[in-house]
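Engineer: Here you go, sequence then predicted model.
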Amino acid sequence: MEYLKDNTDIRKGKFLREQVYKKLKATILNGKLTPNTRLIEEKIASEIGTSRTPVREAIQKLEKEGLIKKLPKGGFAVSKITEGDIEDIFGIRSVLEGYAGYLATLRADEKDIKALEEIVKKEEECIALENISEIIQLNTEFHDKLYRTAKSERLYSIINDLRDYIYRFRRLIFSFEGMAEVSIKDHKDMIELMKLKKASQVESLIRKHITRGKNLIKKKLKKDPKIYRNN
C-alpha cells in the first residue's frame with residue numbers, strides 16, 4: 001500500500017517533521033488512509049525519502065490526537081470511529097455551533113450576509129457539476145464564516161479545535177446521496193433567518209442540522225464494521 005501517493009509537496013529541510021505530520025494527518029482525515037490501516041514507518045519513510053525519525057514523531061503526535069492507535073502487539077494503525085466519538089463530537093458541536101449561529105445572527109452586517117450567500121451560490125454551482133469534493137470544502141468555508149460572524153475569538157478558537165474531527169465526519173455525511181442538496185437548503189434557510197434577526201430559530205436550525213448529520217453517521221458506520229466500533 002502507498003501511504004502518501006502525492007508526496008511532491010514534501011520538501012526536505014528544517015520543517016520536514018511538520019510536513020510529514022500534516023501530510024499523514026491529511027490522508028487520514030480525507031479518508032485515503034482508512035480506519036485499521038496499519039502504519040509501517042519504514043515504508044512511509046521510503047516513500048518520502050527520509051529517515052524514520054520524522055515519521056515516528058508524526059505518528060506519536062497523531063496518536064496523542066486520537067487519530068492513530070497503538071496496536072497490542074506493537075506498531076500503529078489508523079483509529080476506528082466509535083459511537084462515543086460520534087456522540088461527543090456532535091454533542092459538543094451542537095452546543096457550540098448553535099450558540100455561534102445565535103451570536104452571528106445578532107452581530108451580522110450586510111457584508112457578512114453577502115459573504116455567506118456567495119458561498120451558497122458556489123455550492124449550488126458545484127452541485128450542478130457534481131463536484132462533491134469542492135462542495136465539502138465550501139461547506140467547511142460556510143461554517144467557518146458563520147463562526148467568524150459570531151465575532152467571538154474565544155468561541156471561534158474552541159470550535160476550531162474540533163475542525164479536524166468535524167472534517168472527518170463531514171466527508172462521511174456527504175457520501176449519502178442527496179445530502180449535499182439538503183445541506184445547501186439548510187444554509188439558505190439559515191441566511192434568511194439571519195436576515196430577519198431570528199437568532200433562536202437559527203440556533204435551533206443549526207442543532208437540527210448537526211443532529212441529522214450525527215444520525216446519518218451512526219447509520220452508515222453501523223453498516224460498515226471496518227470503520228465502526230461500538231465501544
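Structural biologist: Okay, I see it. Numbering: from 1, shown residues only.

Engineer: so where do the helices sit in the chain?
Structural biologist: Assigned helices in the chain, in chain order: 16-29, 41-48, 52-64, 83-107, 110-129, 132-149, 153-160, 163-173, 179-195, 199-222 (criterion: DSSP state H).

Engineer: weakest of those by average pLDDT?
Structural biologist: Lowest mean pLDDT within these: helix 163-173, a mean of 78.

Engineer: domains for the chain, by residue range?
Structural biologist: Domains of the chain are assigned by automatic domain parsing as 16-79, 82-229.

Engineer: Quick one: residues contacting the most centrally placed residue in the chain.
Structural biologist: Taking Cα atoms, centre = their mean, the centroid of the chain lies closest to residue 167, which sits 0.7 Å from it. Residues near residue 167 by Cβ atoms under 8 Å, 6 or more residues apart in numbering: 29, 140. For the C-beta atoms, the positions are set from N, CA and C on the backbone; glycine is no exception.

Engineer: do you know how far it is from residue 47?
Structural biologist: In this view, residue 167 and residue 47 are 24 Å apart by Cβ to Cβ, to the nearest Å.

Engineer: Distance of residue 214 relative to residue 179?
Structural biologist: Relative to residue 179, and taking Cβ to Cβ, residue 214 is found at 13 Å.

Engineer: who's in contact with residue 29?
Structural biologist: 67, 164, 167-168, 171.

Engineer: Let's see that with 6 Å instead.
Structural biologist: By Cβ atoms under 6 Å, 6 or more residues apart in numbering, residue 29 lies in contact with 164, 167-168.
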